[in-house]
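K.L.:
quick one, what's the 3D model for this:
(one chain, ligands or ions: 1)
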Amino acid sequence: MTTEPYRPEPIETFQSKEAFEAMRQALAEVRAQFGRHYPLIIGGERVDTKEAITSTNPSNPAEVVGSSAKAGIAEADAALDAAWRAFTTWRDWPQEHRSRVLLKAAQIMKRRQRELEAWLVYEIGKNWTEAAADVAEAIDFTRYYALSALKYKDGAPVVPYPGEDNEAFYIPLGMGVVIAPWNFPLAILTGMTLAPIAVGNCVVAKPAEDTVVVAAKLFEILEEAGLPPGVANFLPGVGSEVGAYLVQHPRTRFINFTGSLEVGLKINEAAARLSPGQVWIKRVFLELGGKDALIVDETADLAAAAQATVQSAFGFQGQKCSAASRLIVVDKAYDLLMEQVLHRTEGLIVGPAEENPDLGPLASAQQEQTVLSYIQLGQQEARLALGGRKLEGGGYFVAPTIFEGVPPHARIAQEEIFGPVLSVIRVPDFDAALEVANDTRYGLTGGVFSRKRERLERARREFHVGNLYFNRKITGALVGVQPFGGFNLSGTDTKAGGPDYLLNFLQMKSVTERF
Ligand code: NAD
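P.N.:
All right, here's what the predicted structure looks like:
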């Protein structure tokens, strides 16, 4: 196979007139397609249902972006059958052939890049650059897994033994369920779906209820790329109904889940129980929430730290698992840093995502309600320094919010809020900063701003998170560059976009022939 080595896709910032105009046009073209209905795809067939899931624009919830069919138990059973049927041939495709289908899918995504970004802007309220990062990551996952899969095709080396021919090779697991969140509706769904598929598994994918249209676009692309029917089945539905059904099903071999801690723990428990007729132990991959902290000490470049704080806390309205939701500041740096953080945050523009503001709306009415209730709680636990209110306009707009004087064990310093709310904790010194940073049940991302080598080295060892960043923002991990996944209750640390990720979906078989 001749193909260029993997490199992350550059993320468009729309500074050039050409990119800006192309995006304006894509937004208009996508808007003209609002209201379309997307059926399920089971074994390559379009299947509609009586009930539908309606997806609205969070910048203007009166607007319907589109709708999808809503799978129930009968459709879930049909999808399981279709996936297992497809597995009997897909597992035997030469690896190069499978990888080629994925590389083609990446190429189609690239061709439809602006259009996919426009769908993200409208369906989930990402500003243009956030949408561009989501699409670039989807392209990256697709290419990276297509190429990584090639390294498993010849098996693993084994030690020679007299009188025997020994070999060890990899085989796929079978059929798995993919359950995705709404916050990276293209990138995460793409990565979780295509990694197992790359190495010969088949999947039933259940996207989040709020982002069924973007998910349907991925399935259009996979079909165009020539993925055989049944290898990836599109099954939008209600998580607690069809998602839970698929998780407990005896024919489900693995579950690839990204979402909240609460749901992840339920899935873990249900998957551990042996269902009647089940003949394997399910593999469960869980990538969950975070309460990510950025530490700033008195030696840091405070202007850079302030900028990174604001980007990490408020990018995509703080609705990233990697978002900074705690800022831990050493006493001597406090006043100067906070002056700049507050000043920068005050200047942020919040508005409809299609106008490409700094912050768009929150994803849904439910998200808005959760965030506003944490803001209310924060006013009892700490001092509101900025924001703290819903903003004018029809969308789910909430002002970027900063609480100061937050005690390290306050609920707003311990629970994932998943919105534009930053809890600032003042500590006497670096030792205390590290202690506070590690003192949550999560361990996803973290960061340190410091010019002191020994402090960075200490944090390298002791700051217990899956993704640690020094002197930069703590969001925006790149596929292949920063393998992504968290420790403790942030998940099973599968390290998506990492060199070993595909091994999760393979099992090794050892065969010996005595001569
Ligand atoms: P969620 O847990 O509410 O939903 C995730 C998915 O699970 C959805 O598709 C939903 O329909 C489904 N679901 C709900 N109940 C279910 C059940 N009982 N059985 C099976 N499936 C069920 O999460 P969300 O609100 O969509 O996403 C936000 C969360 O995801 C945050 O906690 C965030 O930190 C986390 N997240 C983590 C990562 C990571 O890589 N660690 C990345 C992105 C998001």
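K.L.:
going forward, measure contacts between C-alpha atoms and count neighbours the same way
P.N.:
Fine.
K.L.:
residues in the stretch 301-450 of the chain within reach of the ligand, list them.
P.N.:
Residues of the stretch 301-450 of the chain lying near the ligand by CA under 6 Å from any ligand atom: Cys321.
K.L.:
apologies, that question was intended for the stretch 51-200 of the chain.
P.N.:
Contact residues (CA under 6 Å from any ligand atom) of the stretch 51-200 of the chain with the ligand: 179-182.
K.L.:
what about those residues, which are in strands?
P.N.:
Using DSSP state E, the subset of those located in strands is Ile179.
K.L.:
quick one: which of the residues of the stretch 51-200 of the chain next to the ligand has the most company?
P.N.:
Neighbour counts for those, by other CA atoms under 10 Å, peak at Ala180, which reaches 29 neighbours.
K.L.:
how about that residue, what does it touch?
P.N.:
Each residue near Ala180 by CA atoms under 8 Å, 6 or more residues apart in numbering is listed here: 188-189, 192, 205-208, 257-259.
K.L.:
what comes into contact with stretch 325-333?
P.N.:
By CA under 8 Å, 6+ apart, the residues outside stretch 325-333 that reach it are 291-299, 302, 309, 313, 318, 413, 416-417, 421-430, 433, 436-437.
K.L.:
coming back round to it: next, format the residues of the stretch 51-200 of the chain next to the ligand as JSON lines and append pLDDT.
P.N.:
Formatted as JSON lines, those follow (pLDDT from 0 to 100):
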{"residue": "Ile179", "pLDDT": "98"}
{"residue": "Ala180", "pLDDT": "98"}
{"residue": "Pro181", "pLDDT": "98"}
{"residue": "Trp182", "pLDDT": "98"}
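K.L.:
now, which of the residues of the stretch 51-200 of the chain next to the ligand sits nearest the ligand?
P.N.:
Pro181 (3.4 Å; CA to the nearest ligand atom).
K.L.:
doesn't Pro207 make contact with that closest one?
P.N.:
Yes - counting by CA atoms under 8 Å, Pro181 touches Pro207, with 6.8 Å between them.
K.L.:
touching both of those two, which residues are there?
P.N.:
By CA under 8 Å, 6+ apart, the residues touching both Pro181 and Pro207 are Leu189.
K.L.:
what about Phe285, how many residues nearby?
P.N.:
Applying other CA under 10 Å, we find 22 residues neighbouring Phe285.
K.L.:
the ligand versus Gly393, what's the distance?
P.N.:
Distance of Gly393 to the ligand, given as CA to the nearest ligand atom, to the nearest Å: 23 Å.
K.L.:
Val481 too?
P.N.:
In terms of CA to the nearest ligand atom, Val481 sits 15 Å off from the ligand.
K.L.:
helix/strand/coil for that residue?
P.N.:
coil (DSSP: H, G, I helix; E, B strand; the rest coil).
K.L.:
which residues does it contact?
P.N.:
497-498.
K.L.:
quick one: the strands in the stretch 251-400 of the chain?
P.N.:
If DSSP state E, counting those that start in this stretch is used as the criterion, the strands of the stretch 251-400 of the chain fall at 254-258, 283-287, 292-296, 324-330, 383-386.
K.L.:
which parts of the shortest one are buried?
P.N.:
Residues 384, 386 are the ones in strand 383-386 that count as buried (16 or more other CA atoms under 10 Å).
K.L.:
so what strands line up beside the next helix or strand after that strand?
P.N.:
Elements were assigned by DSSP states H and E; along the chain past strand 383-386, the next helix or strand is strand 401-404. In the sheet, strand 401-404 lines up against strand 383-386 (antiparallel), strand 421-427 (parallel) (DSSP bridges).
K.L.:
in PDB, could you pull the C-alpha coordinates for the helix or strand that strand 401-404 is followed by?
P.N.:
With elements assigned by DSSP H and E, the helix or strand that comes after strand 401-404 is helix 411-414. Coordinates of the C-alpha atoms in helix 411-414 are reproduced here as PDB (Å, rounded to 0.1, in the frame of the first residue of the first chain):
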ATOM      1  CA  ARG A 411     -19.000  20.700  45.300                       C
ATOM      2  CA  ILE A 412     -18.100  23.100  42.500                       C
ATOM      3  CA  ALA A 413     -14.500  22.100  43.000                       C
ATOM      4  CA  GLN A 414     -15.200  18.400  43.000                       C
END
